[in-house]
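**Q** The amino acid sequence is not available; the structure is as follows:
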């Protein structure tokens, strides 16, 4: 994992990484898992095949080793009970209107759980200010993933810690 850029801006901290392999993606998922707290939202953005589900799966499996972690593309939400909280893993790719989100119970998830959201742009204005944005990019046929971590609010210091910044 190679850190290329780190920037602090207001209450946000930004770091760009290059992940050279799937094991590096898994390692990043484990590092993020260690920083989770009840009430957190982690938004996983990127095109199809960028590694969003791989990262989410690694995060869940770090906290629940051996857990089966299917993609929630068709179920929309998968819930996992970990020791400290519940993880709500959701994929909003098929959501067409923000009104559909109310039925998924995100308010409950954010009260005392952690919400992992693939395709967070579908939440629009419902995205909380305090969150971790993970933006994953990959070129066709490439192995490397470019990952931008943007820590907003309480996540700014956690991303700074993750990046090893002073």
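**A** Cool, the structure landed. Not measured: the values here are computed from a predicted model.

**Q** Tell me where the chain has helices.
**A** 22-35, 52-63, 106-112, 155-162 (DSSP state H).

**Q** Including distance to residue 14, mean neighbour count and mean pLDDT, could these go into JSON lines?
**A** Yep, even glycine has a C-beta here, placed from its N, CA and C like the rest. Output for the helices of the chain, formatted as JSON lines (distance: least, Cβ to Cβ, whole Å; neighbours: other Cβ atoms under 10 Å; pLDDT from 0 to 100):
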{"stretch": "helix 22-35", "distance to residue 14": "15", "mean neighbour count": "17", "mean pLDDT": "95"}
{"stretch": "helix 52-63", "distance to residue 14": "17", "mean neighbour count": "22", "mean pLDDT": "94"}
{"stretch": "helix 106-112", "distance to residue 14": "23", "mean neighbour count": "15", "mean pLDDT": "81"}
{"stretch": "helix 155-162", "distance to residue 14": "8", "mean neighbour count": "20", "mean pLDDT": "92"}
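
**Q** of those helices, which approaches residue 131 most closely?
**A** Residue 131 sits nearest to helix 155-162 of all the helices of the chain, at 6.2 Å, using Cβ to Cβ.

**Q** on contacts alone, who are the packing partners of that closest one?
**A** If you count contacts as 3 or more Cβ pairs under 8 Å, 6 or more residues apart in numbering; DSSP states H and E, helix 155-162 packs onto strand 2-9, strand 12-19, helix 22-35, strand 131-137, strand 145-152.

**Q** Relative to residue 45, which of these is closest?
**A** strand 131-137 (4.8 Å).

**Q** could you say what helices and strands the closest one packs with?
**A** When contacts are defined as 3+ Cβ pairs under 8 Å, 6+ apart, strand 131-137 sits against strand 41-46, helix 52-63, strand 145-152, helix 155-162.

**Q** try 7 Å
**A** Other helices and strands packing on strand 131-137, by 3 or more Cβ pairs under 7 Å, 6 or more residues apart in numbering; DSSP states H and E, are strand 41-46, strand 145-152, helix 155-162.

**Q** The first one pairs with which strands, parallel or anti?
**A** Paired neighbours of strand 41-46 in the sheet (DSSP bridges): strand 114-118 (parallel), strand 131-137 (parallel).
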